[in-house]
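S.K.: Quick one, structure for this:
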Amino acid sequence: MKKFFHVKRGDIVVVISGAHKGKSGKILEMLMQKNRARVEGVAMIKKHEKKSEKNPQGAITEREGTVHVSNLMLKSLYDASPRRQAGLATKASAAPKS
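M.R.: Numbering: from 1, shown residues only. Below is the predicted model:
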């Protein structure tokens, strides 16, 4: 059985819920079995790499973790949403005037 999501690899998305709310990036990979996506620059995790011939010292590298697809929204839809427009208007009126 195939799963279909509202986003696909290569789409620009915004995280709308969770610890990374407000961050945006391009979808690098879809993990269909887990209903998750790997988004560029979002949910960064540190990966400890073992010593090897290629990397004799070992290393701690940073890479993208995954985000559940229900927490993602297409950037074009997010920017056009009335809530987004209302939030921008509120921020503009609350800004201190010099």
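
S.K.: what about the helices in this protein?
M.R.: When assigned using DSSP state H, the helices of the chain occupy the ranges 75-80, 82-94.

S.K.: how far is the last one from where the chain is centred?
M.R.: On the basis of C-alpha atoms, centre = their mean, to the nearest Å, helix 82-94 sits 22 Å off its chain's mean C-alpha point.

S.K.: ok, and the closest non-adjacent residue to residue 22?
M.R.: If you skip the residues right next to it in sequence, residue 22 has residue 15 as its closest partner in space, 6.7 Å away by C-beta to C-beta, 6 or more residues apart in numbering. (Glycine included, C-beta is placed from N, CA and C.)

S.K.: That neighbour: what's it in contact with?
M.R.: Residue 15 makes contacts with 21-24, 39, 42, 67, 71-72, as judged by C-beta atoms under 8 Å, 6 or more residues apart in numbering.

S.K.: ok, and what's touching the lengthiest strand in the chain?
M.R.: Using DSSP state E, we find that the single longest strand of the chain is strand 24-31. By C-beta under 8 Å, 6+ apart, the list of residues contacting strand 24-31 from outside reads 5, 7-15, 36-42, 64, 66, 69, 72, 75.

S.K.: try 7 Å this time
M.R.: Here strand 24-31 makes contact (C-beta atoms under 7 Å, 6 or more residues apart in numbering) with 7-14, 37-42, 64, 66, 75.
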